[in-house]
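> Quick one: sequence plus predicted model below, questions after.
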Number of protein chains: 2
Amino acid sequence: MKRRMKATIAYDGTNFAGYQVQPQQRTVQEEIEKVLTTMHKSDEIVHVVASGRTDARVHATGQVLHFDTTLSIPLDRYAHALNVQLPRDIRVLEIEEVADDFHARYSVSGKRYRYIWSCEKIQNPFRRFYATPTNGVKPDVTLMKEAAQYILGTHDFSCFCAANTGVKDKVRTVHAINFEWHDEELHMTIEGNGFLYNMVRIIAGTLWEVGIDKRDVNTLSATIASMDRSKAGKTAPAQGLYLEKVHYPQ
Amino acid sequence: MKRRMKATIAYDGTNFAGYQVQPQQRTVQEEIEKVLTTMHKSDEIVHVVASGRTDARVHATGQVLHFDTTLSIPLDRYAHALNVQLPRDIRVLEIEEVADDFHARYSVSGKRYRYIWSCEKIQNPFRRFYATPTNGVKPDVTLMKEAAQYILGTHDFSCFCAANTGVKDKVRTVHAINFEWHDEELHMTIEGNGFLYNMVRIIAGTLWEVGIDKRDVNTLSATIASMDRSKAGKTAPAQGLYLEKVHYPQ
């Protein structure tokens, strides 16, 4: 009996070349497929499909995958069976059985990302891979919130998309952008129906420039309208980014 | 002009073979001495003296060192001057000028350590080097607190000292042991006038056994009186331990 499984996983992106399999590189996908293939005693790779890829050093606290299994492991022990074989920088948080037509990528209705800047003057050595250091610079979050209002809603987000992507339709809807201080770390969460390649990191970099007074709040509308990547800010570093939640229709 | 400097430092112990210099190994002391020696353009190593060593994978959020400097770097820029050259897993938090007779090791009047267990069923991958996983086991902290009462005060702590240490006088005073839950992580802090080799980790391991009902609270007195290491619990893993604070007389 073949069952389709939905797995929610977390990973520390520090020691990965990214989510997606690449020759000669350590990737999240390959580590999981190796374990599944061994468990299934399969001659062919047991493939997993993720909600989307994440880049090198980007973290996930709620990435979602699907795969098909022929194993009769009970559902409540499946996550544990994977975790005992997976390296400790990947953990399966939850496994559910889903309908055959569930697709981790095509069924996505939305995603939430988190971006973290650590604004201590002297960076906490324990956070060096888990936040972007600002060398003590603290932005004006009121300005960042104001700028974020221009991003909310449905737009062609070409200006926030890394060049050289194959995607043609660059219209997406951003539902929410929130900022919150956690001691000396600034967290931004962003929620939308989908995100283009590097979109969250370019938005983070652009809003950061507004927050440190290097970019005027009032230019945001024109930047988006330009559909020109070069008009937006720098791509913020990978290590501050977390894929936090993937939504699917109920 | 020679000045004696007191440095308070933090380090992520994960990628160190410990604090103290060892041939062919990456150590905290060596990284700091390399930077100081370069800064002083010295032919001889500029030595640093710490409050005590820490083992491989043990962390510090408030280790203290002293060294002598001939450099005229202003005090308020000295920490930064070191940090720009140090690897990112070591940070100098504070530099003070102290009297010539200040000694980071001999002047110590007390220390505080922290020990962290992560009791989530599925370990957070971001905490794998920073807490000791218990695979979902949650101890009875009331029992641990009760057992801790027997440790408080002045005792010969031979039972909590790793064998093969050169130290003869094993009498120490423990001032406080506290427990606190932070979500699903249990933190123990312990404060005393000094600690024997592995003492905090053996106390953590012993109290843990009490907490999971593998050791009777009422045996603690006899264990201490025995002065026999084999009567106490297992040495808890290094990765959960943090040197948090070193006290000196005002």
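Nice, I can see it. Predicted model, so just to flag it, every value in this text is computed and none were measured. Residues are numbered from 1 along each chain as shown, chains lettered A, B, ... in the order given.
> pretty sure A:V64 is in contact with A:M5, am I right?
No - using Cβ atoms under 8 Å, A:V64 is not in contact with A:M5, being 10.9 Å away. Backbone N, C-alpha and C define where each C-beta goes, glycine included.
> Between these two, tell me which one has more neighbours.
A:V64 (27 against 22; other Cβ atoms under 10 Å in any protein chain shown).
> how about the more buried one, secondary structure?
strand (DSSP: H, G, I helix; E, B strand; the rest coil).
> same deal with A:F126?
Going by three-state DSSP: A:F126 is helix.
> Can you give the domain ranges for chain A?
A:3-98, A:110-247 (automatic domain parsing).
> quick one: the last one near chain B?
It stands for domain A:110-247. Yes - remark: domain A:110-247 sits within contact range of chain B at A:122-126, A:128, A:130, by Cβ under 8 Å from any Cβ of the partner chain.
> Dump those to TSV, plus pLDDT.
As requested, the residues of domain A:110-247 next to chain B are exported to TSV (pLDDT from 0 to 100):
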residue	pLDDT
A:I122	95
A:Q123	93
A:N124	95
A:P125	97
A:F126	97
A:R128	96
A:Y130	98
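> Now do the buried residues in stretch A:160-177.
Neighbour counts using 16 or more other Cβ atoms under 10 Å in any protein chain shown place A:160-161, A:170, A:172, A:174, A:177 of stretch A:160-177 among the buried residues.
> Neighbours of A:Q25, how many?
Neighbours around A:Q25, by other Cβ under 10 Å: 12.
> A:Q22 too?
A:Q22 has 13 neighbouring residues, counting by other Cβ under 10 Å.
> SS state for it?
Per three-state DSSP, A:Q22 ends up coil.
> Local confidence estimate at it?
Reading off the confidence values, A:Q22 has pLDDT 94.
> Quick check: it vs A:N164, distance?
Distance of A:Q22 to A:N164, computed by Cβ to Cβ, to the nearest Å: 17 Å.
> One more: A:I73?
Here A:I73 is placed at a distance of 42 Å from A:N164 (Cβ to Cβ).
> now the helices: where do they sit in chain A?
A:28-39, A:75-83, A:141-151, A:199-211, A:220-226 (DSSP state H).
> So what's the residue count around A:D213?
11.
> Next up, the contacts around it.
Taking Cβ atoms under 8 Å, 6 or more residues apart in numbering or on different chains as the criterion, A:D213 is in contact with A:140, A:143.
> Pull out the buried members of the residues of domain A:110-247 next to chain B.
A:122-126, A:128, A:130.
> Output those residues as CSV; include the columns distance to B:A204.
CSV is the format used below for those (distance: Cβ to Cβ, whole Å):
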residue, distance to B:A204
A:I122, 29
A:Q123, 28
A:N124, 23
A:P125, 23
A:F126, 20
A:R128, 26
A:Y130, 25
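> mind putting the buried residues of stretch A:160-177 in a markdown table, distance to A:T14 and pLDDT included?
What follows is the buried residues of stretch A:160-177, written out as a markdown table (distance: Cβ to Cβ, whole Å; pLDDT from 0 to 100):
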| residue | distance to A:T14 | pLDDT |
| --- | --- | --- |
| A:F160 | 25 | 97 |
| A:C161 | 26 | 95 |
| A:K170 | 30 | 95 |
| A:R172 | 28 | 97 |
| A:V174 | 28 | 98 |
| A:I177 | 26 | 98 |
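> Pull the most distant pair out of these.
A:K170 and A:I177 (18.2 Å; Cβ to Cβ).
> Now A:K245: closest residue in space that isn't a chain neighbour?
Once flanking residues are discounted, A:K245 sits nearest to A:R112: 4.1 Å by Cβ to Cβ, 6 or more residues apart in numbering or on different chains.
> What is the burial count for the one you found?
Under the neighbour criterion other Cβ under 10 Å, A:R112 is assigned a count of 19.
> Could you verify my assumption that it touches A:H187?
No - using Cβ under 8 Å as the test, A:R112 is too far from A:H187 to be in contact (11.8 Å).
> closest to B:A79 out of the helices of chain A?
helix A:199-211 (25.6 Å).
> can you list contacts of that closest one?
A:113, A:115, A:117, A:139-141, A:143-144, A:146-148, A:151, A:157, A:159-162, A:172, A:177, A:188, A:190, A:215-217, A:220, A:223, A:229, A:232-238, A:240-241.
> likewise stretch A:22-29?
Residues outside stretch A:22-29 that contact it (Cβ under 8 Å, 6+ apart): A:9, A:11, A:13, A:15-21, A:48, A:50, A:54, A:60, A:63, A:90.
> roughly how far is it from the heart of the chain?
17 Å (Cα atoms, centre = their mean, to the nearest Å).
> Now it - C-alpha only, PDB.
Extracted in PDB, the C-alpha atoms of stretch A:22-29 (Å, rounded to 0.1, in the frame of the first residue of the first chain):
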ATOM      1  CA  GLN A  22      23.500  19.600  -5.900                       C
ATOM      2  CA  PRO A  23      26.400  17.400  -7.000                       C
ATOM      3  CA  GLN A  24      29.300  17.200  -4.500                       C
ATOM      4  CA  GLN A  25      27.500  19.300  -1.900                       C
ATOM      5  CA  ARG A  26      25.800  18.500   1.300                       C
ATOM      6  CA  THR A  27      22.100  19.400   1.000                       C
ATOM      7  CA  VAL A  28      19.000  18.900   3.100                       C
ATOM      8  CA  GLN A  29      17.100  17.100   0.400                       C
END
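> Is A:L65 in contact with A:R4, as I believe?
No - using Cβ under 8 Å, A:L65 is not in contact with A:R4; the gap is 11.0 Å.
> For chain A, give me the ranges with low pLDDT.
Applying pLDDT under 70 to chain A picks out no residues at all.
> which residues touch the residue positioned nearest the centre of it?
Geometric centre of chain A, nearest residue: A:L243, 2.9 Å, by Cα atoms, centre = their mean. Neighbouring residues of A:L243 by Cβ under 8 Å, 6+ apart: A:51-52, A:54, A:58-63, A:111, A:113.
> what do you get if the cut-off is 10 Å, keeping everything else the same?
Shown in contact with A:L243 (Cβ atoms under 10 Å, 6 or more residues apart in numbering or on different chains): A:10-11, A:13, A:19, A:50-54, A:58-64, A:111-114, A:195, A:200.
> Give me the subset of those that lies in strands.
Among the contacts of A:L243, the residues falling in strands (DSSP state E) are A:10-11, A:50, A:59-64, A:111-114.
> for those, which one is nearest A:S42?
Nearest to A:S42 out of the ones in strands among the contacts of A:L243 is A:A50 (Cβ to Cβ; 19.4 Å).
> Report how many residues lie close to the closest one.
22.
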